[in-house]
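Chemist: Coordinates for the following, if possible.
(chains A, B and C)
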Amino acid sequence: MKIGYPCVNEAMDCSAANTFRLASYSEERLVAAVTANLACLRRLLEWNVAQGLLFFRMGSGIVPFGSHEINTFPWQQHFGAEFRALGDYIRAHNLRVSFHPDQFVVLNSPSPAIVQRSIEELVYQGSMLDLMELDGTAKLQIHVGGLYGERELAISRFVGVHATLPAAVRARVVVENDDRLFPLRDCLDLHARTGVPVLFDNFHHECLSHGEPMHEALRLAAATWHPIADGVPMLDYSSQAPAERKGKHTTSMVEELFRGFVAELHGLDFDMMLEIKDKEASALRAVAILRELGLAAPAPGGPVPPLALPPGPGTPPKARAKKVVKS
DNA sequence: CTTGGTCAAGTAAGT
DNA sequence: ACTTACTTGACCAAG
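Modeler: So this is what the prediction gives:
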């Protein structure tokens, strides 16, 4: 089992999401941003390896406006060597990586233009994995899309569009159960009709399901992944933020809940993404717990004391102080 | 240097 | 009709 976290490392002094405004687009800005993003991504992966975090969701903004018509720069060629080097590193350390295109990717939209832009975004993100020369186990994780008041029609539109995806994209797309519209059952239906693997999200399942017990849900989702072509099933883990709106992710992993969830696995293997606000901090705690349980590979040099203390006054300042969020 | 409005893109539920 | 929530910050013009 590999443990990961999404996109951002809060302990690190660089960002892999440098961008700029569309209105200030220029090739100079683009090259500068991509150069910085790839360099940071490399450092970030090295940090992860040192910490035993072997799963990572890369951010969608590595190439700003990567699927926008304004961006005609041949970044694939210009940065080909850098992408390839990242891929070499990922394979050399047996890392698992993925992308999660954001909410604007809606394959089942009734609007052909939105579907087209969604496909272009998937092509952009998939092409980064292609440039890294990663196999089909590096995934693009999306949701089913909109409901539009007619569930069966909405699902059928997804099936239709899925069949038209470029093969390179289709080999990577996986669909995640969401917390408001399309629960596990609909995703399993989609799998039956398209072969798309189902990426199970335990917290979404707690918010929206047909009552499948957690272990049964895990078993059903895991069975949709081909062991070779798709790799170890991926899983999103989170839990409810106490005293917050239903569906809000917790700010920090609640150990008792996490241990309870792990007990539901009953030996099923997953690569687990912790969708928790404090990012790598909770992921590191998860690694420690799973090592204790013998479910994650031990540290290469044997057990080590935790390197990362909770963020506090002693934390080295980032390049720019964090803004205080007002209530 | 700090602040606050706003940022490419979609959908649905809430006021 | 407008705001907010997604998984989430960061750009950038103005003070």
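Chemist: interface residues of the stretch 1-150 of chain A facing DNA strand C?
Modeler: For the stretch 1-150 of chain A, the residues in contact with DNA strand C (CB under 7 Å from any atom of the strand) are A:6-8, A:10, A:15, A:17-21, A:23-24, A:100, A:102-103. For glycine as for every other residue, the C-beta is placed from the backbone atoms N, C-alpha and C.
Chemist: Between these, identify the one with the most neighbours.
Modeler: The most crowded member of those is A:H100, carrying 23 neighbours; neighbours defined as other CB atoms under 10 Å.
Chemist: Could you pull up phi and psi at it?
Modeler: Dihedral angles of A:H100 (phi, psi; degrees, to the nearest 10) stand at phi -130, psi 80.
Chemist: for chain A, which helix is longest?
Modeler: Scanning chain A for the helix with the most residues, using DSSP state H, yields helix A:27-51.
Chemist: how about low-confidence regions in the stretch 201-327 of chain A?
Modeler: Residues of the stretch 201-327 of chain A that meet the criterion pLDDT under 70 lie in A:243, A:301-327.
Chemist: That one: strands as residue ranges?
Modeler: Counting by DSSP state E, counting those that start in this stretch, the stretch 201-327 of chain A has strands at residues A:234-237, A:271-274.
Chemist: what's the last one packed up against?
Modeler: Spelled out, that is strand A:271-274. On a contact count with 3 or more CB pairs under 8 Å, 6 or more residues apart in numbering; DSSP states H and E, strand A:271-274 meets strand A:3-6, strand A:55-58, strand A:234-237, helix A:280-292.
Chemist: Around DNA strand B, pick out the residues from the stretch 151-300 of chain A.
Modeler: So the stretch 151-300 of chain A meets DNA strand B at A:154, A:180-181 (CB under 7 Å from any atom of the strand).
Chemist: among those residues, who's most crowded?
Modeler: Among these, A:A154 has the most neighbours (other CB under 10 Å), with 20 neighbours.
Chemist: contacting residues for that one?
Modeler: By CB atoms under 8 Å, 6 or more residues apart in numbering, A:A154 lies in contact with A:108, A:144-148.
Chemist: Quick one, which of the residues you listed are buried?
Modeler: Applying 16 or more other CB atoms under 10 Å to the contacts of A:A154, the neighbour count classes A:108, A:144-146 as buried.
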